[in-house]
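S.K.: Sequence isn't available, so here's the structure alone:
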């Protein structure tokens, strides 16, 4: 089975924006570079050193308006620019405490008043993915088309906050790849497990408003609430949109 890499996406600040890439170099044992490099801790967080689970962070499942943020990272300077349909754009350095204060003022109106409010930005030395291991998420555009057809509406890929989107596979074929390796461009990844989804996927990423019961549709139509798979990079190498993928 072969196909093409259709899209690469990273999310420099977990739950706060998405950025499409033309190419990137994957490193063995690491997340997609700069993906979930930062995360926004809320006032009820119980943080431990290193990686922490998603319940400690502001995210679209609890604050739907966050899903409409787009981002751009300048790697050389560490500056992240955020845009949102209801806010002026913000350029700031997540590693600069003074800039973090500006970010918190910018993002607080996007968080419901009855939820724990954002209080700071943290890093972990690895991507703060929802998996305990450093993962890269792989999603199948044919599965998205199948779910969209079942729901009778076009679902944006941005709902799923994935890293790598593939063309050329049959719908839901990715669930049969667990334990196998996949070569994409110059890198090799091992497929580890399915991704169980949350309420963030119900939100329109253009508006930040919930408008589709994706979880109910997955359960009713397919008997689960999973979409996409987590993988780990086992061989470093460059990948680019349009590269061939094949099961190795």
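M.R.: Received the coordinates, thanks. Please read all numbers here as calculations on a predicted model, not as lab measurements. Numbering: from 1, shown residues only.

S.K.: Residue 63 and residue 115 touch, don't they?
M.R.: Yes - using Cβ atoms under 8 Å, residue 63 is in contact with residue 115, at 6.2 Å. No exception for glycine: its C-beta is placed from N, CA and C like everyone else's.

S.K.: Can you pick out the residue with more neighbours from the two?
M.R.: residue 63 (24 against 13; other Cβ atoms under 10 Å).

S.K.: Tell me the spacing between the residue nearest to the more buried one when sequence neighbours are not counted and residue 92.
M.R.: Spatial nearest neighbour of residue 63, chain neighbours left out: residue 111 (4.6 Å); criterion: Cβ to Cβ, 6 or more residues apart in numbering. Computed as Cβ to Cβ, to the nearest Å, the residue 111 to residue 92 distance reads 17 Å.

S.K.: So residue 77 belongs to a helix, correct?
M.R.: No - counting by DSSP: H, G, I helix; E, B strand; the rest coil, residue 77 is located in no helix; its state is coil.

S.K.: confidence score at it?
M.R.: In this model, residue 77 is scored at 97, pLDDT.

S.K.: What about it, how many residues nearby?
M.R.: Neighbours of residue 77 (other Cβ under 10 Å): 9.

S.K.: quick one: contacts for the residue lying closest to residue 211 once chain neighbours are set aside?
M.R.: Distances taken as Cβ to Cβ, 6+ apart place residue 204 nearest to residue 211, at 4.7 Å, with adjacent residues excluded. By Cβ atoms under 8 Å, 6 or more residues apart in numbering, the contact set of residue 204 is 67, 68, 156, 159, 210, 211, 212.

S.K.: in the sheet, who's paired with the fifth one?
M.R.: The one in question is residue 210. Under DSSP bridges, the beta-bridge partners of residue 210 are residue 203.

S.K.: Can you give me the first-to-last residue distance of stretch 75-86?
M.R.: Criterion Cα to Cα, to the nearest Å; first-to-last residue distance in stretch 75-86 is 26 Å.

S.K.: whoops, stretch 198-217 was the one
M.R.: Chord length of stretch 198-217, first to last residue, is 13 Å (Cα to Cα).

S.K.: Equivalent analysis for stretch 130-150, please.
M.R.: First residue to last in stretch 130-150 (Cα to Cα) measures 27 Å.
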